[in-house]
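[1] next input, structure requested:
(one chain, ligands or ions: 2)
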Amino acid sequence: MALIAYKCPRYKVTVVDINPDRIAKWNSDTLPIYEPGLDEVVKAARGRNLFFSTDIEDGIRSSEIIFVSVNTPTKTFGTGAGMAADLQYWEKTARQIRDCADSPKIIVEKSTLPVKTAQAMQRILTAGDYKNRFEVLSNPEFLAEGTAISDLEHPDRVLIGSAETPGGLKARDELVEIYANWVPQARILTTSIWSSELSKLVSNAFLAQKISSINSISALCEKTDANVAEVAKAVGMDSRLGDKFLNASVGFGGSCFKKDILNLVYLCRYYGLDEVADYWEGVVRINEYQQERFVINMLSNMFNTLAGKKICLLGFAFKANTGDTRESPAIHISRRLVEERARLVLTDPQALENARTDLKDLTGRIDYIDDPYAASSGCDAIAVITEWQAYKALDFEKIYGSMTKPAFIFDGRNILDHERLFKIGFNVFPIGKPALTHFEEAAGGACR
Ligand SMILES: NC(=O)C1=CN([C@@H]2O[C@H](COP(=O)(O)OP(=O)(O)OC[C@H]3O[C@@H](n4cnc5c(N)ncnc54)[C@H](O)[C@@H]3O)[C@@H](O)[C@H]2O)C=CC1
Ligand SMILES: O=C(O)[C@H]1O[C@H](OP(=O)(O)OP(=O)(O)OC[C@H]2O[C@@H](n3ccc(=O)[nH]c3=O)[C@H](O)[C@@H]2O)[C@H](O)[C@@H](O)[C@@H]1O
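    Residues are numbered from 1 along each chain as shown. Ligands and ions are numbered 1, 2, ... in the order given. Down below sits the predicted model:
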């Protein structure tokens, strides 16, 4: 919404939220999220045509177009627990819009929702003694965290789904007009509302599937001395497959991939498509396997015991350039390492505050240290969890000098120079590549 306000000074954009702390931060110099480039966009538009408020009713009444962007987490209770989308926040919003509105509105589904949600939304909006006409559009968001501003400025596509009725098509055209302020017409794709809703879930499922595919192959590479980066390059050069999203890793995280795939799986089962559901569920299973495999690799290569050993996680965010830790592989890995009675030290340039909240039940068993040199000092092992560019530039000779020997590095992102680390003295365990160790008989890879 900040970018719409920034690009289109003639529209007035008001962002409303039930969380007063978040709104206060949006109105302050310290925004509630870290996102490169966002500060500048907000500062340029805030007070001009971008406003943040907790007055939801006024926001509804005074707007002609309402983007519903509330959270749609995985349901944690009742039918569909652990799989289906929890639609309570979204439904409350629909009812509130219906009850407060005193003029016709276009309602835009911006949250990621199960296919057919627009139908439910339309039914709620038109139930009872409603006075106004509402048109519901689907306009899913495809930005990725860490690159949100450039994704929004130069989207691969903007997707708008509408009803095929005259009212639906008119509303669709109004939304197209907003995006056309900065997005080329050829990149604005209009479809039926059901295709649009489903495409969002499918996009995330395909992206995550690519990561799980290469991660599954990383396990095979480790058994066969193949190099997953070489395999990914060879495979990705086929233009039919493409070279993006083929970085083997410690597993994908983030608030959406797992939730959206499980939502897709739930939908498939709901419609009796068990084979389809099983296929997509495999993407999540491989991701869980990859995270657990990382822990088991650490355990087996550190002589099958981590008890009392000090381990530093370099990075806690689910990806670089964000402080977001939702579903970060770091959470599972930290919990498992503590279970193995390791002494954990966490460091991250942006995510330590969220990490403290995620692991608050482990208070006293984990240290949180901003400086990566201080965090790794005295450690037996370092595990790279997040691909922060700054980690590549660390002085690893200095780090090696301060660590307990033998010193281990488990590079869960394959971002470091493994040969160099090996020469410094580290025993190096990348993902999907032969390990480089100084032991006579390496436990998990080739001895060099
Ligand atoms: N985070 C991301 O990068 C992307 C998120 N999405 C989708 O966007 C939706 C929102 O995601 P996030 O922004 O990450 O979630 P979030 O949890 O960070 O933000 C949702 C906000 O909605 C507010 N809210 C909840 N109920 C409300 C109500 N009744 N009235 C007013 N405000 C209310 C909450 O207080 C919260 O601030 C989800 O459906 C997600 O799948 C889609 C693409 C990218
Ligand atoms: O619906 C959403 O919320 C968004 O989900 C993802 O965006 P995001 O989760 O912010 O970030 P990604 O860049 O997709 O990364 C997701 C996870 O996959 C990991 N990843 C990514 C790429 C890769 O090659 N390997 C890999 O392990 C990342 O490190 C991260 O943990 C999608 O990329 C967005 O298009 C979508 O809008």
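[2] write out the residues of the chain neighbouring ligand 1.
    Proximity of the chain to ligand 1, by CB under 6 Å from any ligand atom, involves residues 16-19, 22, 56, 69-72, 89, 92-93, 111-112, 141, 143, 145, 255-256. Quick note: C-beta positions are derived from backbone N, CA and C, even for glycine.
[3] of the residues you listed, select the buried ones using a PyMOL command.
    Here is the PyMOL command that selects the buried residues among those (16 or more other CB atoms under 10 Å):
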select buried, resi 16+17+22+56+69+70+72+93+111+112+141+145+255+256
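[4] now, the residues of the chain next to ligand 1 that are in strands?
    Using DSSP state E, the subset of the residues of the chain next to ligand 1 located in strands is residue 16.
[5] residue ranges with poor pLDDT in the protein?
    Within the chain, the ranges that satisfy pLDDT under 70 run 441-448.
[6] and it, split by domain according to the record?
    Structural domains assigned to the chain are 1-54, 302-430, following automatic domain parsing.
[7] can you give me phi and psi for residue 73?
    Note on residue 73: backbone dihedrals following degrees, to the nearest 10 are phi -70, psi 170.
[8] that one contacts residue 88, correct?
    No. In this structure residue 73 lies outside contact range of residue 88 using CB atoms under 8 Å: 9.7 Å.
[9] quick one: the helices in the stretch 51-200 of the chain, in order.
    Taking DSSP state H, counting those that start in this stretch as the test, the helices found in the stretch 51-200 of the chain are 56-61, 88-100, 117-125, 148-153, 166-179, 193-224.
[10] and the next element down the chain from the longest one?
    Next along the chain after helix 193-224, taking DSSP states H and E as the criterion, comes helix 228-236.
[11] what angle do that next one and helix 193-224 make?
    Interaxial angle, helix 228-236 versus helix 193-224 (axes from the mean of the first three to the mean of the last three CA atoms, to 10 degrees): 140 degrees.
[12] follow-up on the earlier one: deepest of the domains of the chain, which one?
    domain 302-430 (a mean of 19; mean count of other CB atoms under 10 Å).
[13] distance of the residue most central in space within the chain from ligand 2?
    For the chain, residue 254 is the residue whose C-alpha lies nearest the centre (CA atoms, centre = their mean; 2.6 Å). Distance, residue 254 to ligand 2, using CB to the nearest ligand atom, to the nearest Å: 3 Å.
[14] just checking, that residue touches residue 145?
    Yes. When contacts are counted by CB under 8 Å, residue 254 is listed as touching residue 145 (6.9 Å).
[15] now do the shared contacts for those two.
    The contact sets of residue 254 and residue 145 overlap at 318-319, 324 (CB atoms under 8 Å, 6 or more residues apart in numbering).
[16] which residue ranges of the stretch 251-400 of the chain form strands?
    Under the criterion DSSP state E, counting those that start in this stretch, the stretch 251-400 of the chain contains strands at 310-314, 343-347, 366-368, 381-384.
[17] just put the ones you listed in JSON lines and tack on distance to residue 103.
    Shown next, in JSON lines, are the strands of the stretch 251-400 of the chain (distance: least, CB to CB, whole Å):
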{"stretch": "strand 310-314", "distance to residue 103": "52"}
{"stretch": "strand 343-347", "distance to residue 103": "51"}
{"stretch": "strand 366-368", "distance to residue 103": "50"}
{"stretch": "strand 381-384", "distance to residue 103": "54"}
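[18] out of those strands, nearest to residue 169?
    For the strands of the stretch 251-400 of the chain, proximity to residue 169 was assessed by CB to CB; strand 381-384 is nearest, at 50.5 Å.
[19] picking up where we left off before, make CSV out of the domains of the chain and add distance to residue 277.
    What follows is these, written out as CSV (distance: least, CB to CB, whole Å):
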stretch, distance to residue 277
domain 1-54, 33
domain 302-430, 20
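[20] just so I know, which of the ones you listed lies nearest ligand 2?
    Closest approach to ligand 2 among the domains of the chain is made by domain 302-430 (3.7 Å; CB to the nearest ligand atom).
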